[in-house]
Structure formats: structure tokens, C-alpha cells
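A.B. asks: what would the 3D arrangement of this be:
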Amino acid sequence: MQSTTLYVPFNASSRGQWSLRRNAELVGQFPTREEALRHAVALAAAIQAKQGQPTEIKIEDESGLWRLAGADAGDEVA
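C.D. replies: Okay, the predicted model is just below:
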């Protein structure tokens, strides 16, 4: 079964946009990390509901490591 991964890359710039990618495709850019995560959660739910695909959200931290959203208390993805 095909799955979808949504990515929120780390943004080190205080003025830069936070990107959201679906696999390699740019989905959107948002002014804050929280907005990018909210959109990612909504998009993941829509993909799962409409296409029945398992969907995960990965977030890059400041050291370049990727982790699943919700893996710690700091994600606030609800």
C-alpha cells in the first residue's frame, strides 16, 4: 500500500517561511512552524480520509534530525 509523508523542514531564519512538503512536492509556505504543523495535520487527515493512505508527518529539528510529529510534547499538532 502506498503511503504519504509530509515534511516540515527546519527554518533557521527569523524572517523566513516554514515550508510544508508532500514527499518532494512543495505544498505551501507558512509564517510560523505552528501554522505549518496545523496545515500538515489537516492535510494528513484529508489524505487518509479520501485516499485511505497511511500518512505521517516528519519534522526536522535544528540539528538536521527528522522525527515523527507527536513524538514529544513540543509538537502541539492537535
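A.B. asks: so K50 lies in a helix, does it not?
C.D. replies: Yes. Using DSSP: H, G, I helix; E, B strand; the rest coil, the assignment for K50 is a helix.
A.B. asks: in three-state terms, label Q2 for me.
C.D. replies: coil.
A.B. asks: quick one: contacts for it?
C.D. replies: Q53 (Cβ atoms under 8 Å, 6 or more residues apart in numbering). (Each C-beta comes from the backbone N, C-alpha and C, glycine too.)
A.B. asks: what segments of the protein are strands?
C.D. replies: Using DSSP state E, the strands found in the chain span residues 4-8, 18-22, 25-30, 55-60, 66-68.
A.B. asks: to A45, which of those lies closest?
C.D. replies: Closest approach to A45 among the strands of the chain (Cβ to Cβ): strand 55-60, 8.1 Å.
A.B. asks: okay, the angle between the closest one and strand 4-8?
C.D. replies: 30 degrees (axes from the mean of the first three to the mean of the last three Cα atoms, to 10 degrees).
A.B. asks: partner strands of strand 55-60 and their direction?
C.D. replies: strand 4-8 (parallel), strand 66-68 (antiparallel) (DSSP bridges).
A.B. asks: mind putting these into CSV with mean pLDDT?
C.D. replies: CSV is the format used below for the strands paired with strand 55-60 (pLDDT from 0 to 100):
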stretch, mean pLDDT
strand 4-8, 96
strand 66-68, 96
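A.B. asks: deepest in the core, which of the ones you listed is it.
C.D. replies: strand 4-8 (a mean of 19; mean count of other Cβ atoms under 10 Å).
A.B. asks: which other residues reach it?
C.D. replies: 18-23, 27, 33, 36-37, 40, 43-44, 47, 51, 53-60, 66, 69.
A.B. asks: can I get it in PDB, CA atoms only?
C.D. replies: In PDB, the C-alpha atoms belonging to strand 4-8 read as follows (Å, rounded to 0.1, in the frame of the first residue of the first chain):
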ATOM      1  CA  THR A   4       2.400   9.600   2.100                       C
ATOM      2  CA  THR A   5       5.000  11.500   4.200                       C
ATOM      3  CA  LEU A   6       4.600  15.200   4.900                       C
ATOM      4  CA  TYR A   7       7.700  17.100   5.800                       C
ATOM      5  CA  VAL A   8       8.200  20.300   7.800                       C
END
